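S.K.: can you look at this prediction? I've put the sequence above it.
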Amino acid sequence: MADAVKGLMDRITNEDPETRGQQLWVMFALAMFLVATLNWYAYVREPETIEISSLLEYKNEVVKVEGTLISWVEDPYSSGDDRIDAIIDDGTGVVEARWYRPGDMPPIGTNVTVMGDVIEYDGRIWLQSLGAGAFEFSSSDYPEVQRLALADVAKDPAAYSGEIIQLTGFIGESISPDATFTSAYLGDHPNYGNSEHQMHLTIRSATGTWIEATSKVEIQGILSYQQRDLRWSLQVQGTDILEDRTHTINIPQLDWSAEATWSYQSGQTVDMSGMLLTGDEAWRLIGPNNREICLIPSDEDRANEEASSMDGTIQTVRGRLLWSTASSGWCIDANEGSSPQLVNPETPMNLLAMLSANPVGMVDDPDARYTLSAYVKYAIEPSVEDEEGYLVDSAAYSPGWTTVAVTFPSPRTSWLETGQNVIANVSVTWDDEDMRIRLLIHDYTLGTVPSARTLLWDDGATQWSYSRDQNVMINGKAMMEDGEWHLFRDGSNQSIVLNTKPQSIGTDSLHADQSMTWTGRFRQVQSADGMSLIYSLDSADVLDTDGDGLGDTLEDGLNGYSALNEDSNNDGVSDRAEYEASLSS
């Protein structure tokens, strides 16, 4: 064999002019064979698995890395590329994998093996992968996820740093289906003003569908601390956001006079009322003082003969509020959402919307009666005389909410609570003294009394002022000082006046000198010298949910024994007596 190869090489290298042409063809064929052999070898050989920290040593080679998927984004530059940029961490370093013609992505936190070319350009280094086989993982590589509440994270966020957690809450803004990087907040209540906790979200990769503000969602991601913004943030993939379709979305009503606040609803589905103009190609909605907003109808709207016949009438429209660069103004678009219908002839118009759209026309007919469903803005105490107040269109504060002045008839023996629903029979009149529209309430029905609001000592006096006259809960220790009861913050001299209700259990021998949760009506009153304002808790008592005469805090101390005379260990002494004895000792 060696002699045959030697003979071949001798013939190729023979410098005889008569055979030189044949020799060149043989050399060319041999070179092509060698190149093909090397390419085949490079293709079939198993790439070496390396650590990310040593990638630079394998520049322009095909390698594998094993690590944890910590983030990814699809089509990062919104250019239509069939590409995913993923971030892999193996403990020795972090690398970006640019995956072209990708397959399905696993959840964040999955252990994956990535194969690709090591590319270095202009000081940057990444893996360039191609095809669905470039990422390898199985169901056993999926992460273990902790299901938590926002309150759990709020107590000790550092305990979950770098962990994969799952939270359920209400998203604070609408998320576009094609946004590849979005910042939002997750709250524990649909209304911003009622949220006790909020988690910042960094959403990477497109969701593929609109997620409306106030939607109830389940989110999975990695909790991390952002040093630049001094806050905790949950790193989330858009495709990992699960929406609860049974939750009713709050659709805000835009106010014509509050255009400066419309930006708060940018991207949201909104309602708006006014005079509908459909006569030309550009649809418009006209409000008071000839204000207008452009409308972008869907094909269904343009084909709807009933909607077209409403030209020049007062109507309510629904669509997504977006800024139009073409008209340099706000537009309501019916094509950006799941229900492409701008005008629905069957949608009834509410009274507050009619007031916003055509206030003059309603004042002109003072004898007309309307049914209004709204919410009390500020608590109103019982009165024997007609009382003025305000109603709003949502139970809690939201940007751009609509407020209308009203007069409640007398007499009233109960409080009207903040956020309480009112269904009233009203007429519209003009208030000359205050120069505004006022609703006269002829009769009304009250809804359920809202639950007490929790006050925190750290919120301070300024924040507390928003809870004046409301039913509240606050934790503290009742102590007698200068002949009157005060509620003190634990370990502090901070206190408020405590005006207990008759036969209060909070100051008896069992509950006294204990840190308890108190309930009552929060009032702001003048001090004894009349030179300052102080806070007090009126009709106050400790929280006793089951009404058995034992405060909820003490029941927790009794390991859940709620009956006063229960004898759980059968020693002839009630649990209450044993607990009192333990306190005295």
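M.R.: Alright, I've got the coordinates. Numbers count the residues shown, from 1 in each chain.
S.K.: quick check on residue 443: phi, psi?
M.R.: Note on residue 443: its backbone torsions stand at phi -160, psi 160 [degrees, to the nearest 10].
S.K.: beta partners of it?
M.R.: With DSSP bridges as the criterion, residue 443 is bridged to residue 425.
S.K.: swap in residue 430?
M.R.: Applying DSSP bridges, one finds that residue 430 bridges with residue 437.
S.K.: that one touches residue 437, doesn't it?
M.R.: Yes. Look at residue 430 against residue 437 with CB atoms under 8 Å: they come within range, at 6.3 Å. All C-beta atoms are positioned from the backbone trio N, CA, C, and that covers glycine.
S.K.: now the helices for this structure?
M.R.: 2-13, 20-44, 150-155, 299-303, 305-308, 351-357, 359-363, 460-464, 552-557, 575-584 (DSSP state H).
S.K.: only alpha carbons, please: show the fourth one as CSV.
M.R.: When you say that, I think you mean helix 299-303. Taking Å, rounded to 0.1, in the frame of the first residue of the first chain, the C-alpha atoms of helix 299-303 are listed here in CSV:
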residue,chain,number,x,y,z
ASP,A,299,-64.1,46.9,8.7
GLU,A,300,-67.1,45.6,10.7
ASP,A,301,-67.9,49.2,11.8
ARG,A,302,-67.7,50.5,8.3
ALA,A,303,-70.0,47.7,7.0
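S.K.: please identify the buried residues of that helix?
M.R.: Neighbour counts using 16 or more other CB atoms under 10 Å place residue 301 of helix 299-303 among the buried residues.
S.K.: okay, and the common contacts of residue 430 and residue 437?
M.R.: residue 363 (CB atoms under 8 Å, 6 or more residues apart in numbering).
S.K.: mean pLDDT lowest where, among the helices of the chain?
M.R.: Looking over the helices of the chain, mean pLDDT reaches its minimum on helix 2-13, with a mean of 57.
S.K.: across the sheet, point out what pairs with the nearest residue to residue 71 once chain neighbours are set aside.
M.R.: What sits nearest to residue 71 in space, not counting adjacent residues and going by CB to CB, 6 or more residues apart in numbering, is residue 87, at 4.3 Å. Taking DSSP bridges, one obtains residue 71, residue 96 as the residues bridged to residue 87.
S.K.: what sits against residue 87?
M.R.: 69-72, 94-97.
S.K.: so where's the stretch 251-400 of the chain uncertain?
M.R.: 280, 338-339, 345-349, 399-400 (pLDDT under 70).
S.K.: what about the strands in it?
M.R.: Counting by DSSP state E, counting those that start in this stretch, the stretch 251-400 of the chain has these strands, from start to end: 269-277, 283-286, 292-296, 314-324, 329-333, 370-376, 387-392.
S.K.: make TSV out of those and add mean neighbour count.
M.R.: Formatted as TSV, the strands of the stretch 251-400 of the chain follow (neighbours: other CB atoms under 10 Å):
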stretch	mean neighbour count
strand 269-277	21
strand 283-286	21
strand 292-296	19
strand 314-324	20
strand 329-333	19
strand 370-376	18
strand 387-392	18
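S.K.: now those in a markdown table, with distance to residue 552?
M.R.: Shown next, in a markdown table, are the strands of the stretch 251-400 of the chain (distance: least, CB to CB, whole Å):
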| stretch | distance to residue 552 |
| --- | --- |
| strand 269-277 | 41 |
| strand 283-286 | 52 |
| strand 292-296 | 51 |
| strand 314-324 | 44 |
| strand 329-333 | 48 |
| strand 370-376 | 27 |
| strand 387-392 | 32 |
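S.K.: out of those, which comes closest to residue 114?
M.R.: Set against residue 114 and scored by CB to CB, the strands of the stretch 251-400 of the chain come closest in strand 314-324, at 38.3 Å.
S.K.: restricting to C-alpha, output the closest one in PDB.
M.R.: Backbone C-alpha positions of strand 314-324 (Å, rounded to 0.1, in the frame of the first residue of the first chain) are rendered in PDB as follows:
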ATOM      1  CA  ILE A 314     -74.600  61.000  21.000                       C
ATOM      2  CA  GLN A 315     -72.900  57.600  21.300                       C
ATOM      3  CA  THR A 316     -70.400  55.600  23.400                       C
ATOM      4  CA  VAL A 317     -67.500  54.100  21.500                       C
ATOM      5  CA  ARG A 318     -65.000  51.500  22.700                       C
ATOM      6  CA  GLY A 319     -61.500  50.900  21.300                       C
ATOM      7  CA  ARG A 320     -57.800  51.100  22.200                       C
ATOM      8  CA  LEU A 321     -56.400  54.600  23.000                       C
ATOM      9  CA  LEU A 322     -53.200  55.100  20.900                       C
ATOM     10  CA  TRP A 323     -51.200  58.100  19.900                       C
ATOM     11  CA  SER A 324     -51.300  58.900  16.200                       C
END
